[in-house]
Structures are given as structure tokens and as C-alpha cells.
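A.B. asks: My questions are about this predicted structure, shown below with the sequence.
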Amino acid sequence: MARQGVTPRSEDYARWYTEVVQMAELADYAPVRGCMIIRPYGYELWEAVKAGLDRRFKETGHRNAYFPLFIPMSFIQKEAEHVEGFAPELAVVTHGGGKELEEPLVVRPTSETIIGHAFASWVQSHRDLPLLINQWANVVRWEMRPRLFLRTTEFLWQEGHTAHATAEEAMEETLRILDIYADFAERDAAVPVIKGRKSAQEKFAGAADSYTIEAMMGNFWALQAGTSHFLAQNFARAFDITYLDASNQLEHCWTTSWGVSSRMVGGIVMAHGDDGGLRLPPVVAPIQAVIVPIWRSDDDRGVVLEAAHRVTETLRADGVRVHLDEREGLTPGFKFNDWEMRGVPLRIEIGPRDVAAESVVLVRRDRDGKEAKSAASVTAIEDRVRDLLDAVQQSLLQQAAEFRDAHLHEASSLDELRDIVSTGWALIPHCGTKECELSVKEETKATSRCFPLDRNPEWNPSGLSCGVCERPALGYAYFARAY
RNA sequence: CGGGGUGUAGCGCAGUCCGGUUAGCGCGCCUGCUUCGGGAGCAGGAGGUCGGAGGUUCAAAUCCUCUCACCCCGACCA
């Protein structure tokens, strides 16, 4: 028999990823290179990411707004480092309404510039600060090597943009958002992350400092899952975002920007998936529990379906995202495999024996074999399901954290680093210079992911030198292969 | 943009070297019957401008030229 299902993850990780994304109906390739069609199941996963983040933003005083897709070319050029960083990946509109435009329009790669322009007119007084804005939008960055969700030419994201009176407040905001990202990743997506500061080489074009949450994927590669930037006064100067302080002095604002993209969906897939396909954390899973009815005879069929509908309604009323698989002509075995491939956290089997016993069989996706199965009475089924969903959520986080921790190692030389990054991340004292980092990449394919905050209580500690080039170290940095 | 590869039914492929009936196979799809607690069986059926354009030839999926798209590996990035 021909192999069914996806290529096992252990056999070919890259192939497994593209197959599982398509077979689980998260996304399809689009007719335009680098672009993707996000299908309902994938979009529902993105909507869960959105909901988790949006709630947290609003709880901390941010408000949503929407800024234009098109940005005047001259705006992009106002901040020197920004334009240098983004120029190679801009999509530019030169014609509109059948005529060549006076000034080309850039399809936004990010919105610091156009939002800076708006902020300049909105902020006059220290009483207007802080200004806390977020937008949910699509952006375009011309990509040479796309991968579904992880790197596409057009992608979905949120971008927060804030303006503050002082550097201290802006830095607090930058780190507050980093905490929000980490909290979302761990509690909702069950993806453990390392919070850290980006090197000069890896930071956002135009930022004074960039911070990141880095997650480990199943092939040990790192995924930058969210970034928060301290922009200092770089964009405030470029766009004249100024305010009068309490002593009537005209000052430039201090701004921040921060984003999480649809890449997070790819991160969830890669952090949790196994040989059989997806494994989704219940908090973000579009379908938390699927009910598979089983029958032999037509008599059984009616009775079983009736019971299945009752359980469906009970769970739905309790707020569980439950789906009853009533498809005809497919065996239960096929359905089991199908829903496992799609990552549904909990399966509920209901057959004639269960109906007779007023019970159901519950199977959790995060375990294998007999360990995964349990029986439960239909009375108070909702409590049992809730408990199990909580357990799966915790277990996926724990499995991911244990996997990651087992693959973090310390290095003190380039040779050790090279050895480690084939199966993990290497923590090494690092000078943080572009020159040194590029040489590491040249020799090992690994890049600096971040200077983890919890391993660097102080910067430029005395007596610590770079493990690669011997220059004074900025601190300890993780190096890894990265998406 | 450099290197490698692939375009034949919804998906996966054979056929291409060496041109020759009506272009096959598996899965999926449709209909019917039997099935159903871990990827069902039998029977019947639908579905193709062989990526596109030129050319060679009595004859092209097959040979030649050009072109387009996608995938994998490298240099940039959420």
C-alpha cells in the first residue's frame, strides 16, 4: 500500500513541514511567487493568535487603528538606516489610473514612516503622551526564498507603534511588549521562548536596540517569533515628532515599534508537530475536540449519532470548540488518522458500547498508545474534557521546554560553537560586532539569535572576552541556525 | 541572482533515452451493494489542449529552439 499521511518528521523535516501545512489545509501556494493562500483552518489558527495578542494589547492601554498600504517613497528615505535596510525588498507602485505617478508609492514593508508622519501631527504636548497605537495589517517584503508562513512576500501581522516623553518610558514599553509576547507564546501557543537583545547585525533597520523572543523548532533551528524595538529618537527626528514638556521646552519623542506575524503559525506547527502531523495547543486550536461516531448496523448508527449530537451540544454550550465528524463512507480508523494529522488536541470516540455504558472514549493527541486513551462517563463530560484540554496544553509546553533545554549548550570557542549548532543552540561570550558575527556565519551557518536577558544581568562585564575573536564581550549570546 | 531539479487527470507518478494504435498506473472523486472500535472490499463510472510558443517530421508527451512556473541548495529577511 502506498504511504498515506505526511512524510515522517524524523525522516525529512523540511518536507514534513510543507506537506503538513498543505495536507492539514492550513495554506496553499498562490499563483504569485512567494505568496500564500491561507485556508480557513490556518486562518482560524491565526485568528486565535490575533485574539490572544489583541486582548493583551488592549489590557495595557493600546488602541487599534489603520494606516494606508501605500507609503510615499520619500517617507521611506527619511531615516538613513531604515531605507538602507529595506530598499532591497520593497515593492514599488509606479503607475496608477493608467498614468505614471509623480512619486512612486511603496507597498508598506512596515509602517514606522507613515505612522511617524501621523504621530507628528497628533502629538503637541507632553499631555498627549504616551501615544499607544497598534495596527493589524498585511505587509510586503520581496522575498528571495519563501516558505509557507515562515517567510512569504506578503504576510499578516500586527505592528505596534508608541511615542513617549522619555527614553526610560520608551524602554519600559519595549520590554513590556516583549513580556507580553513571551506570555502569549508560552501560555497560549505553548511555545517556550528566550527573551533577549539583538546584536547590531540582527537588529531592526532604524532601531537603537531590538529585543526578540526566540523559539526552538523541532529541527533545533531558531525562529524569531516576535520583536520589540527601542527606536530612541531616530524616527522622531526624521518625522518631527515633537512635544512641549512641562517647562515649555520643545523635545523629540522617544518611540517604539513591535510586531508578531503570521510566522507565529509556522512556529506553532514546527514547535509541536510530530511524525503524524500537527499537534495544536488547545488554547489556539481551531477545533479543540473532535467526535468520531462508530457504528456497525443502521440501528447502531441512529443511536450513536443521537448520543454524539448530545455530547456535541453539551460541550459547545460549555464553550468547547467541538466538531462532530459525520462524514459518510469513511472508516473510524481513517478519521482517527485524519484528525491526528490536523493536530486536534482531543478525540472523542462514541460507539454502540459507549452508548450502552453511557460513556465515551477520550484520546489525547500529545501522547501515544494506551497512555493517550481514557474512558469517561457522559455525565459531567464537560469537566473531564476541560481537564484534559488543560492537561494537553501544559504537556505540550512541557515537552517543548524539555526538548529545548536539552539542546542548549555552552561554548567557549568557535570549534565548540560549530559542533553545537548542528543539534542545538550555543551560548558563548560574544563581542556583538557585525564583523565577528559574519565570520561565524561564514564558518558555521549559525547567526546570533540574541543576548538572553536572564543570562546577562549586566552589559560589558569586566574580564569577559568574545569566545570567537577575543575582543571584549558585550555579554553571552545564543548562536543557532535560524529561519 | 548563481547551482541543481521538476512540469503528463484533484494529488503522487510511469511513459521521454530509442517518435508510431484510442496516453497509462496508484490514491482521491461519483454511483451502487457490503462494511465501520486504528488509514475497508467489490463492481461500474467521470475526469487530460502531456506548463506555454515556435520548429523538425507522413507522424511529437517523446527530437530541436525559446519561454514561463514551481521546488531544493546558497547570498537578504518577521
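C.D. replies: Right, received. Where do you want to start?

A.B. asks: The residue of chain A most remote from its centre in helix, strand or coil?
C.D. replies: Distance from the C-alpha centroid of chain A peaks at residue A:299, with 47.6 Å (Cα atoms, centre = their mean). Following DSSP: H, G, I helix; E, B strand; the rest coil, residue A:299 is assigned to helix.

A.B. asks: what does residue A:361 give?
C.D. replies: Secondary structure state of residue A:361, per three-state DSSP, is strand.

A.B. asks: Just give me the neighbour total for it.
C.D. replies: By other Cβ atoms under 10 Å, the residues close to residue A:361 number 17. All C-beta spots, glycine's among them, are computed from the backbone N, C-alpha and C.

A.B. asks: what do you get for the one 10 residues further on?
C.D. replies: When neighbours are defined as other Cβ under 10 Å, residue A:371 has 9 of them.

A.B. asks: Distance of it relative to residue A:360?
C.D. replies: As judged by Cβ to Cβ, to the nearest Å, residue A:371 and residue A:360 stand 18 Å apart.

A.B. asks: Measure how far the lengthiest helix in chain A is from the centre of its chain, please.
C.D. replies: For chain A, the longest helix by residue count, based on DSSP state H, is helix A:381-405. Relative to the centre of its chain, helix A:381-405 is centred 19 Å away, using Cα atoms, centre = their mean, to the nearest Å.

A.B. asks: just checking, next helix/strand downstream of that helix?
C.D. replies: Using DSSP states H and E, the helix or strand that follows helix A:381-405 in sequence is strand A:408-410.

A.B. asks: is the longest helix of chain A up against RNA strand B anywhere?
C.D. replies: No - judged by Cβ under 7 Å from any atom of the strand, helix A:381-405 stays clear of RNA strand B, getting no closer than 13.8 Å.

A.B. asks: List the buried residues in that helix.
C.D. replies: For helix A:381-405, the buried set under the neighbour-count rule, 16 or more other Cβ atoms under 10 Å, comprises A:381-382, A:384-386, A:388-389, A:391-393, A:395-397, A:399-401, A:403-404.

A.B. asks: Also stretch A:428-448?
C.D. replies: For stretch A:428-448, by 16+ other Cβ under 10 Å, it's A:428-433, A:436-437, A:440-441, A:444, A:446-448.

A.B. asks: same question, stretch A:294-301
C.D. replies: By 16+ other Cβ under 10 Å, the buried positions in stretch A:294-301 come out as A:294-295, A:300.

A.B. asks: got the residue ranges for the helices in the stretch 251-400 of chain A?
C.D. replies: All helices of the stretch 251-400 of chain A, identified by DSSP state H, counting those that start in this stretch, fall at A:263-272, A:298-317, A:332-341, A:352-357, A:381-405.

A.B. asks: Put together CSV for these, with mean pLDDT on each row.
C.D. replies: Listed next are the helices of the stretch 251-400 of chain A as CSV, based on pLDDT from 0 to 100:
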stretch, mean pLDDT
helix A:263-272, 95
helix A:298-317, 95
helix A:332-341, 95
helix A:352-357, 96
helix A:381-405, 98
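
A.B. asks: I'd like to know which of those helices is closest to residue A:232.
C.D. replies: Nearest to residue A:232 among the helices of the stretch 251-400 of chain A is helix A:263-272 (26.0 Å), distances taken as Cβ to Cβ.

A.B. asks: If we ignore the residues flanking it in sequence, what's nearest the residue positioned nearest the centre of chain A?
C.D. replies: With distances taken as Cα atoms, centre = their mean, residue A:264 lies nearest the centre of chain A, 2.0 Å away. Distance criterion Cβ to Cβ, 6 or more residues apart in numbering; nearest residue to residue A:264, sequence neighbours excluded, is residue A:49 at 5.2 Å.

A.B. asks: So that neighbour sits against residue A:261, correct?
C.D. replies: No - counting by Cβ atoms under 8 Å, residue A:49 does not reach residue A:261; the two are 9.4 Å apart.

A.B. asks: So for residue A:2, what's the pLDDT?
C.D. replies: Note for residue A:2: predicted pLDDT of 35.

A.B. asks: likewise the one 4 residues further on?
C.D. replies: As predicted, residue A:6 sits at a pLDDT of 84.

A.B. asks: Three-state assignment for it, please.
C.D. replies: Of the three states, residue A:6 takes coil under three-state DSSP.

A.B. asks: neighbours around the residue lying closest to it once chain neighbours are set aside, how many?
C.D. replies: Closest residue in space to residue A:6, ignoring its immediate chain neighbours: residue A:19 at 4.4 Å, by Cβ to Cβ, 6+ apart. By other Cβ under 10 Å, 17 other residues sit near residue A:19.

A.B. asks: Now do the same for residue A:19: its pLDDT.
C.D. replies: Per-residue confidence at residue A:19 stands at 86 (pLDDT).

A.B. asks: Please apply the same query to residue A:122.
C.D. replies: Looking at residue A:122, its pLDDT stands at 97.

A.B. asks: Can you verify my assumption that it contacts residue A:128?
C.D. replies: Yes - between residue A:122 and residue A:128 there is a contact under Cβ under 8 Å: 6.6 Å.

A.B. asks: Neighbour count: these two, which is higher?
C.D. replies: Neighbours were counted for residue A:122 and for residue A:128 using other Cβ under 10 Å; residue A:128 has more, 15 against 12.

A.B. asks: What's the separation between the more buried one and residue A:239?
C.D. replies: Distance, residue A:128 to residue A:239, by Cβ to Cβ: 15 Å.

A.B. asks: cool, residue A:216 as well?
C.D. replies: Residue A:216 sits 38 Å away from residue A:239, going by Cβ to Cβ.

A.B. asks: Those two - which one has more neighbours?
C.D. replies: residue A:216 (29 against 24).

A.B. asks: hmm, who's touching stretch A:238-254?
C.D. replies: A:78-79, A:82, A:113, A:116-117, A:119-120, A:123-126, A:128-129, A:163-167, A:169-170, A:231-233, A:235-237, A:255 (Cβ atoms under 8 Å, 6 or more residues apart in numbering).

A.B. asks: Keep only those of the residues you listed that are in helices.
C.D. replies: A:82, A:113, A:116-117, A:119-120, A:167, A:169-170, A:235-237.

A.B. asks: can you redo these as a markdown table with neighbour count?
C.D. replies: Converted to a markdown table, these look like this (neighbours: other Cβ atoms under 10 Å):
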| residue | neighbour count |
| --- | --- |
| A:82 | 24 |
| A:113 | 26 |
| A:116 | 26 |
| A:117 | 20 |
| A:119 | 24 |
| A:120 | 18 |
| A:167 | 13 |
| A:169 | 17 |
| A:170 | 25 |
| A:235 | 30 |
| A:236 | 24 |
| A:237 | 15 |
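
A.B. asks: Closest to RNA strand B out of those residues?
C.D. replies: Checking the ones in helices among the contacts of stretch A:238-254 against RNA strand B with Cβ to the nearest atom of the strand, the nearest one is residue A:82 at 10.9 Å.

A.B. asks: give the contact list for the closest one.
C.D. replies: For residue A:82, the contacting residues are A:76, A:112-113, A:205-206, A:234-235, A:238, by Cβ under 8 Å, 6+ apart.

A.B. asks: rerun that using 6 Å as the cut-off
C.D. replies: Contacts for residue A:82 (Cβ atoms under 6 Å, 6 or more residues apart in numbering) come out as A:205-206.

A.B. asks: What of residue A:42?
C.D. replies: Taking Cβ under 6 Å, 6+ apart as the criterion, residue A:42 is in contact with A:26-27.
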